[in-house]
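Visitor: compute the structure for the input listed below.
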Amino acid sequence: MKMLLELLLLINISQHALAVVVEVNEGERSVLLPCQYSGITPEDPTMMWTRNDLDPNSVHLQREGRDDLRGQNQRYSRRTSMRRDALNTLDFSLTLRKPQLTDSGNYTCSISFGREELRLTVIQLQVKDQQEEVKVNEGLEFVILPCKTKPYLPEDTTVEWTRSDPELMMVHVYANEGDQLNDQDGLYRDRTTVNEDLLRTGDLSLTLKKPTERDSGGYICTIYRDKDILRQKVVLQVKVYQVVVDSGVESVQLPCKGILHLPKDAKVEWMDNNDKMVHVYMNGSDEPEQQDEFYTDRTKMNEDLLKTGDFSLTLKYPTVTNSYTCTVYSKEGKILLKKQVVLTVIVPQVVVDSGVESVLLDCTTTLKLREGATVEWRDAYRKVHVYQDGSSKPEKQDQVYRGRTEMNKDALRTGDLSLTLRYPTVTNSYTCTLYDRDGDILLKKLVVLNVRVPQVAVDSGVVSIQLPCETTLELPHDAKVEWRDIYKKAHVYEDGSDKPDKQDQDYRGRTEVNEDLLTTGDLSLTLKYPTERDTQVYTCTVYSKEGKILFKKAVNLKVNVCQVEVEEGEESVCLPFKTTQNLPEDVVVAWQSDEMMVHLYENGSDKLEEQDQVYRDRTKLNKDLLKTGDVSLILKHPTDDDNGEYSCEVSNRDDNRTNRIWRHKIVLLKVKVPQVEVESGVEYVRLLCHTTLHLPEDAKVEWTDNYTDVEISNRKVHVYENSSDQPEEQDQVYKDRTKMNEDLLKTGDLSLTLKYPTGGDSRTYTCTVYSVEGNILRKRQVELKVGVCQVEVEEGAEFVQLPFKTTKNLPEDADVEWKDSLNRKVHVYENNIDRPAKQNQFYRGRTKRNEDLLRTRDLTLTLKYPTDGDNSTYTCTVYNQEGNILLKKQVKLKVAVCQVEVEEGAESVQLPFKTTPQNLPEDADVEWRDSSNKKVCVYQGGSDRPNKQNKDYRDRTKMNEDPLKTGDLSLTLKHPTERDSGGYICEVSKNGRIRYKTVQLRVQIQDQTGDITIPLMAHQFV
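Guide: Below you'll find the model as predicted:
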């Protein structure tokens, strides 16, 4: 085993990867963070992805072939995955779904075994929101999608152009110094090219030939350079040619011109946006039998179109806005030309208020019309009016319009084909078509009628609402008044009285009209106990004795859904529903939520065996609900889990249709969870829970959290049962950290004291009281937020302090321990002295505590020469001699990455790294690497090792003498150029990491004008 560990540590030194750059645009489906391993697999390893600037820092963890996401940072919940066969394939790559801007950062891929950890690679993920937009008009020969990066790319660079929306398609691939088009999508076949010599110039732009509207979308240019994955997004918008005409014109031309001298056997096809065939030209002539009947006798194309290249289409009597596509095919079916035209038909609109007596739909013409012509008005589905042989033909119109339409006499002579429509209530479109005696169309015009309907809005729960409807007409005493919703009769007044037997069961017993309504002209309807289901358009129509419409008006009713809010912890909440009194004895009342039965009342009693167990012993209906009509539901002990939509249905199945009723209501319940906020470092926090219930002596009280992973759901925080605490049942995370009051069942104070809360305790906690039979007697939730102190420092500072001061008197023999988020010991103070032998070597010689820290109660830790490798959440814990925790606090440290700028042409530049020389072993290794994982400088065995550095840096680097003795590990890089811009990492190691630092170098270029330009980093685009 010892030899295996030594071998793995050697692999750690030789294979450790610096930040490989992966770029992705925000909004993409996913991004892959690559991590491959080629070493010896230890026994029972754990694969980890971490991000050290977060707390918790875990992104994804896998052990024994299964995900272990218990400690995963919640921002990555349900967004990460690794291969199930990762241990077999040694591919530990991470898939991150729906990348966001806040996902940008450094991700570390590691493998651990026992107490040892092997870091395999660091991925610098950059999620970008920049994108290039290209807009062109359809019909161009080509369009260029730009993508540029720094020149002189390596010969093994691969360039991929893909289309990201509306679906993923391969557009073009350049690899192995040539095009690789085997996987190219058929849509782009023979239509794409890239520049010659693109690796030398860095111009990776794509030329797309003959762009059309369906090429519009997002395109991704991806460059695989060394280990970096660089991306740029281009959004292409191909604008379609537009033609605008007024409804009523005789014809319109849809232009399409293209290639001259097409083959004689070419085929031309026009289609609309609904995939209807508009026109087909094939084998030298039109093919009318192939076109859709909607376009029969309405289209025409030019003669000799294949010779002239003019494929324009003439469309007669346009009425509808649509897009049309002209496609020219070769005999083999290959597309030679494709173009879209959007036709916009401007339709006149007429606006009136519901309740007006009539409206005029205008349609006039200057054509000289002959006898025998026919005029036909239609709505979207029905014949509205027919004028034929010099008179109207009511027998040919739909019954909905019978007696409600009229046209001018001598319409054909005057050319005024306008239609008068009485009592309009509904918005609709109307088409006037003029035919000659042979049935050919002479004119076609569309008119949109917009009827403004008054709206009445009310909250669910009011006793009644009035739908207003008044008229000044003198109505006959034998008139009939009928209120309808879209489908059913709401109320009927006839022969001087209401007719409940004619109204629908939904409205029975719930409607009322005024007395003497025909005399006063007030036809308003009162609707009782309205619910959201009553949201409808209601129409009031007055008929004469003969059935002729005398008046008509619509009213739009909107009933807002009932919403109930309650504080979590209340004894109960009422979901209200009041309806008509004296309900039939055979009524069934059913409350449901998410297809679960909440409460069922049938045959005069509750049917509790039908309800879901979640609601067992927690629901109650009122007594005498049939008599009072109050079918409201009482829900006991509401918690956050009860949030949602509740529906109540009241119905019966009486054989006598007149006695049937049906009622329905929806109630939205929102249970607000109380919040408790404290700062990390407090001695304890109380999660409150009180009740006024008389709890039995054998009741059980259980506190749980909402932690969930594959194996654990809702950890037990504290259990009180059989009149005492049950510490063996609580999760180890909470061992010795919780306390409840004495006599809690008598006093009703079920509050929980949680000691030493930290950021990891920020969760939702639930207190549940059970009877000895297991029934829930009380339930309450509390949300705890623990604030963590944050410290930020610039890189290069000599030290940073992690503050922790307390007012608590500490015993003289207390122990103090600082740990980082990887559970490494940062500093140990034990038996009144420091214990450097117990601290991790990464921190050895770099920490300092205050003198007399227990007496002064200042437990602040000083960390010397902090670098970005120190980014972590640090926890300070104080123990007494028995090992019990006395205090606990967390501090989050963020160290900015060191930035160095220099002008190109300078003699040299220094990448600084100073640290404490104490405890740096003389035989430690110092290694500088760039962002491409190239070795920049290697110091080993007390001297430089130029044979181990990359050829790009040979004879260009220098380190100080005795860097391990002085602690100055800075690197001098000679003759820096723009190509040296990027990230550099220095790592000191011996049997694991001892020191670590990142330096970002930016080399400025001086242009011919003398101005300084800042180049992009090695992983960036212009």
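Visitor: would you map the strands across the stretch 501-650 of the chain?
Guide: 511-513, 525-528, 536-543, 549-560, 562-567, 572-575, 588-593, 596-602, 605-606, 619-621, 633-636, 644-651 (DSSP state E, counting those that start in this stretch).
Visitor: just the stretch 201-350 of the chain next, same as before
Guide: So, for the stretch 201-350 of the chain - with DSSP E, counting those that start in this stretch - the strands run 206-209, 217-225, 228-239, 241-246, 251-254, 267-272, 277-282, 285-286, 299-301, 313-316, 322-329, 335-346, 349-353.
Visitor: need those in a markdown table (columns: mean pLDDT, mean neighbour count and distance to L181).
Guide: Glycine gets a C-beta too; all of them are placed from N, C-alpha and C. Listed next are these as a markdown table, based on pLDDT from 0 to 100; neighbours: other Cβ atoms under 10 Å; distance: least, Cβ to Cβ, whole Å:
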| stretch | mean pLDDT | mean neighbour count | distance to L181 |
| --- | --- | --- | --- |
| strand 206-209 | 92 | 18 | 13 |
| strand 217-225 | 88 | 20 | 16 |
| strand 228-239 | 85 | 20 | 20 |
| strand 241-246 | 89 | 14 | 31 |
| strand 251-254 | 92 | 18 | 34 |
| strand 267-272 | 94 | 20 | 27 |
| strand 277-282 | 94 | 19 | 31 |
| strand 285-286 | 91 | 12 | 38 |
| strand 299-301 | 93 | 17 | 36 |
| strand 313-316 | 93 | 19 | 35 |
| strand 322-329 | 91 | 20 | 22 |
| strand 335-346 | 87 | 18 | 18 |
| strand 349-353 | 93 | 13 | 52 |
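Visitor: of those strands, which is nearest K444?
Guide: strand 313-316 (8.1 Å; Cβ to Cβ).
Visitor: direction included, what does the closest one pair up with?
Guide: Strand 313-316 sits in its sheet next to strand 251-254 (antiparallel), strand 299-301 (antiparallel), going by DSSP bridges.
Visitor: which stretch among these comes nearest T539?
Guide: It's strand 251-254; of those, that one is closest to T539 (Cβ to Cβ) at 38.1 Å.
Visitor: got the CA coordinates for that closest one in PDB?
Guide: Output in PDB follows, covering the C-alpha atoms of strand 251-254 (Å, rounded to 0.1, in the frame of the first residue of the first chain):
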ATOM      1  CA  SER A 251     -54.500  40.900 -56.800                       C
ATOM      2  CA  VAL A 252     -51.000  41.100 -55.400                       C
ATOM      3  CA  GLN A 253     -47.600  39.900 -56.700                       C
ATOM      4  CA  LEU A 254     -45.200  37.900 -54.500                       C
END
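Visitor: what distance separates it from the centre of its chain?
Guide: Here strand 251-254 is found 43 Å from its chain centre; the criterion is Cα atoms, centre = their mean, to the nearest Å.
Visitor: residues in contact with that strand?
Guide: Outside strand 251-254, the residues within contact range by Cβ atoms under 8 Å, 6 or more residues apart in numbering are 243, 245, 270, 312-318, 324, 326, 341, 343.
Visitor: and the two most separated of those?
Guide: Every pair of the contacts of strand 251-254 checked by Cβ to Cβ; the farthest is Y317 and C326, at 19.9 Å.
Visitor: residues near the nearest residue to K607 once chain neighbours are set aside, how many?
Guide: Using Cβ to Cβ, 6 or more residues apart in numbering and skipping the chain neighbours, the partner closest in space to K607 is L600 (4.3 Å). Per other Cβ atoms under 10 Å, the neighbour tally for L600 reads 19.
Visitor: check D440 too.
Guide: When neighbours are counted by other Cβ under 10 Å, D440 comes out with 9.
Visitor: got the strands of the stretch 501-650 of the chain as a markdown table, with mean pLDDT and distance to V676 columns?
Guide: Formatted as a markdown table, those follow (pLDDT from 0 to 100; distance: least, Cβ to Cβ, whole Å):
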| stretch | mean pLDDT | distance to V676 |
| --- | --- | --- |
| strand 511-513 | 95 | 51 |
| strand 525-528 | 94 | 45 |
| strand 536-543 | 94 | 46 |
| strand 549-560 | 93 | 33 |
| strand 562-567 | 91 | 14 |
| strand 572-575 | 93 | 22 |
| strand 588-593 | 94 | 29 |
| strand 596-602 | 94 | 30 |
| strand 605-606 | 92 | 38 |
| strand 619-621 | 94 | 29 |
| strand 633-636 | 94 | 24 |
| strand 644-651 | 92 | 25 |
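Visitor: so where do the helices sit in the stretch 51-200 of the chain?
Guide: Ranges of helices in the stretch 51-200 of the chain, per DSSP state H, counting those that start in this stretch, are 86-89, 198-201.
Visitor: again with the stretch 351-500 of the chain
Guide: Using DSSP H, counting those that start in this stretch, helices in the stretch 351-500 of the chain cover 411-414.
Visitor: at which residues are the strands of it located?
Guide: 358-361, 374-378, 383-388, 391-392, 405-407, 419-422, 428-435, 441-452, 455-459, 464-467, 480-484, 489-494, 497-498.
Visitor: the fifth one packs against which elements?
Guide: When you say that, I think you mean strand 405-407. strand 383-388, strand 391-392, strand 419-422 (3 or more Cβ pairs under 8 Å, 6 or more residues apart in numbering; DSSP states H and E).
Visitor: quick one: mean pLDDT over that strand.
Guide: For strand 405-407, mean pLDDT rounds to 94.
Visitor: in that strand, what counts as buried?
Guide: For strand 405-407, the neighbour count (16 or more other Cβ atoms under 10 Å) marks 405, 407 as buried.
Visitor: list the strands paired with it, with their directions.
Guide: According to DSSP bridges, strand 405-407 forms sheet pairs with strand 419-422 (antiparallel).
Visitor: related to what we said a few turns ago, JSON lines for the strands of the stretch 201-350 of the chain, including distance to A814?
Guide: Shown next, in JSON lines, are those (distance: least, Cβ to Cβ, whole Å):
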{"stretch": "strand 206-209", "distance to A814": "68"}
{"stretch": "strand 217-225", "distance to A814": "55"}
{"stretch": "strand 228-239", "distance to A814": "50"}
{"stretch": "strand 241-246", "distance to A814": "80"}
{"stretch": "strand 251-254", "distance to A814": "88"}
{"stretch": "strand 267-272", "distance to A814": "83"}
{"stretch": "strand 277-282", "distance to A814": "88"}
{"stretch": "strand 285-286", "distance to A814": "98"}
{"stretch": "strand 299-301", "distance to A814": "94"}
{"stretch": "strand 313-316", "distance to A814": "91"}
{"stretch": "strand 322-329", "distance to A814": "79"}
{"stretch": "strand 335-346", "distance to A814": "79"}
{"stretch": "strand 349-353", "distance to A814": "82"}
